[in-house]
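Colleague: for reference, the sequence and a predicted model appear below.
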Amino acid sequence: MDFKSLNTLPKDVDSLESIDQDYVLVPGPPTDLSSSAHASIQSHLPFKSGSPPLNSVNMTSTPSAPVPIIGAATGRVGYARSLESRSSAPGTSQGSMEIGDTFEKPSTDFMTRIKSLQHCASAITELVKERIEAGKQLEAFSIQLLILAIWKQALYICHTHAASATEGSPIQETTKLREISKVRHSHDVLDCSDDIKTRGPMEIYSQIERAFVHEVGYAEELAKVIEPGNTDMPDAMELIYQSALGLGRHGAVDEYMGDAENAVVFYSKAVCLLVFILVEAPCLILNPPFSLTNTERCRIQNYIDALNNRQNISRSQRMALFKSENQP
């Protein structure tokens with residue numbers, strides 16, 4: 001169904017109709033980072049025995065210098081005129097960031113930042129699975145490179161957090177021993193369903209490290225099915241961006257067809273991917289570094305605002321329908 005042909009869509013969706021003509025300009029994907037894919041993806045890989053991995057990809061799990069966490073998060077991104085003319089000092093982060101409540105810089109709170117990266121990795125992993133099932137292994141591999149960069153960033157944050165903690169007190173030493181004991185008897189990999197607030201920093205670091213190693217292994221398996229010579233990697237950021245736009249259009253169609261429940265799901269997924277591009281992606285260790293101009297940030301923020309608006313309306317419609325169905 002052509003999104004643009006739905007002339008009867010709510011007016012709030014009009015701002016999304018020009019999405020296909022507005023593309024965020026992003027640099028090419030890194031060529032020196034490893035890739036990742038979730039464990040559930042492995043069964044979908046059409047492996048070719050004897051096919052060597054890409055030589056242009058450095059499969060390494062050794063992290064480089066951490067990206068420092070900015071001391072204070074800036075205020076929310078507004079429209080073009082406020083972006084171009086803003087001269088006030090940035091606001092202070094409140095230590096939490098819900099999806100859609102976006103800031104130019106990620107949260108400085110340790111747990112909040114880890115959960116944000118964790119959520120982004122999970123959402124983008126779904127795109128990898130879709131590419132693999134569609135037979136687009138090269139696109140999947142390119143996106144997986146980015147997922148691995150997300151996990152590396154999580155490792156850096158854990159390392160920085162641990163290094164900044166004061167050591168030596170009896171209480172902290174006892175806590176450390178307990179965390180080491182937990183790590184030695186824990187074999188699970190960090191999952192989005194985990195409540196990381198109940199975990200100590202060392203345990204979180206250990207789980208993220210194991211997840212990173214697992215992701216490298218899946219990346220190597222995926223590299224084996226890519227035809228030798230395919231070194232012209234698709235742009236992972238552009239793929240994620242276009243996926244977000246597609247999810248937004250899908251949500252608009254569902255809303256138009258009266259399926260408010262599915263509309264909320266697709267709007268939420270679209271917002272998550274756009275927030276990743278706007279907030280987390282510029283802080284990742286990529287070569288070349290990824291950045292957005294003020295105009296690009298404004299455009300993405302406008303999309304996020306429009307999608308959040310439609311998501312709230314769809315959620316209200318769903319609640320109203322639920323109440324009407326349960327009335328005696």
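Modeller: Great, that's in hand. Numbers count the residues shown, from 1 in each chain.
Colleague: so for the longest helix seen in the chain, mean pLDDT?
Modeller: Criterion DSSP state H: the longest helix present in the chain is helix 294-325. When pLDDT is averaged over helix 294-325, the result is 88.
Colleague: repeat that for stretch 243-260.
Modeller: Taken as a whole, stretch 243-260 carries a mean pLDDT of 94.
Colleague: and what of stretch 263-276?
Modeller: This predicted structure assigns stretch 263-276 an average pLDDT of 95.
Colleague: any idea how far Tyr218 is from Lys224?
Modeller: According to Cβ to Cβ, to the nearest Å, Lys224 stands 11 Å off from Tyr218. Glycine gets a C-beta too; all of them are placed from N, C-alpha and C.
Colleague: comparing the two, which shows the higher neighbour count?
Modeller: A direct count of neighbours by other Cβ atoms under 10 Å for Lys224 and Tyr218 places Tyr218 higher, at 24 against 17.
Colleague: in which helix or strand would I find that one?
Modeller: Using DSSP states H and E, Tyr218 maps to helix 201-224.
Colleague: which elements pack onto that helix?
Modeller: helix 110-133, helix 137-164, helix 170-184 (3 or more Cβ pairs under 8 Å, 6 or more residues apart in numbering; DSSP states H and E).
Colleague: can I get the CA coordinates of it in PDB?
Modeller: Written as PDB, here are the backbone C-alpha positions of helix 201-224 (Å, rounded to 0.1, in the frame of the first residue of the first chain):
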ATOM      1  CA  PRO A 201      28.900  -3.200  38.100                       C
ATOM      2  CA  MET A 202      31.300  -6.100  37.900                       C
ATOM      3  CA  GLU A 203      28.500  -8.600  37.200                       C
ATOM      4  CA  ILE A 204      27.100  -6.300  34.500                       C
ATOM      5  CA  TYR A 205      30.500  -5.900  32.900                       C
ATOM      6  CA  SER A 206      31.100  -9.600  32.900                       C
ATOM      7  CA  GLN A 207      27.700 -10.300  31.200                       C
ATOM      8  CA  ILE A 208      28.300  -7.600  28.600                       C
ATOM      9  CA  GLU A 209      31.700  -9.000  27.900                       C
ATOM     10  CA  ARG A 210      30.300 -12.500  27.400                       C
ATOM     11  CA  ALA A 211      27.600 -11.100  25.100                       C
ATOM     12  CA  PHE A 212      30.300  -9.200  23.100                       C
ATOM     13  CA  VAL A 213      32.300 -12.400  22.600                       C
ATOM     14  CA  HIS A 214      29.100 -14.300  21.500                       C
ATOM     15  CA  GLU A 215      28.300 -11.500  19.000                       C
ATOM     16  CA  VAL A 216      31.800 -11.700  17.600                       C
ATOM     17  CA  GLY A 217      31.300 -15.500  17.000                       C
ATOM     18  CA  TYR A 218      28.000 -15.000  15.200                       C
ATOM     19  CA  ALA A 219      29.600 -12.200  13.100                       C
ATOM     20  CA  GLU A 220      32.300 -14.700  12.000                       C
ATOM     21  CA  GLU A 221      29.700 -17.200  11.000                       C
ATOM     22  CA  LEU A 222      27.800 -14.600   9.000                       C
ATOM     23  CA  ALA A 223      31.000 -13.500   7.300                       C
ATOM     24  CA  LYS A 224      31.400 -17.000   6.000                       C
END
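Colleague: okay, buried residues for that helix please.
Modeller: Of the residues in helix 201-224, those buried by neighbour count under the rule 16 or more other Cβ atoms under 10 Å are 201-212, 214-219, 222-224.
Colleague: neighbours of the spatially closest residue to Ile157 that is not a sequence neighbour, how many?
Modeller: Once flanking residues are discounted, Ile157 sits nearest to Arg113: 5.7 Å by Cβ to Cβ, 6 or more residues apart in numbering. A total of 22 residues lie near Arg113 under the criterion other Cβ under 10 Å.
Colleague: ok, Ala306 to Ala211 distance?
Modeller: Ala306 sits at a distance of 34 Å from Ala211 (criterion: Cβ to Cβ).
Colleague: Asn308 versus Ala260, what's the distance?
Modeller: In terms of Cβ to Cβ, Ala260 sits 15 Å off from Asn308.
Colleague: show the average pLDDT along stretch 158-171.
Modeller: Mean pLDDT, computed over stretch 158-171, is 67.
Colleague: and for stretch 115-128?
Modeller: Confidence over stretch 115-128 (mean pLDDT, whole number) is 94.
Colleague: so Met202 sits against His161, correct?
Modeller: No - under the contact definition of Cβ atoms under 8 Å, Met202 does not touch His161, with a separation of 10.1 Å.
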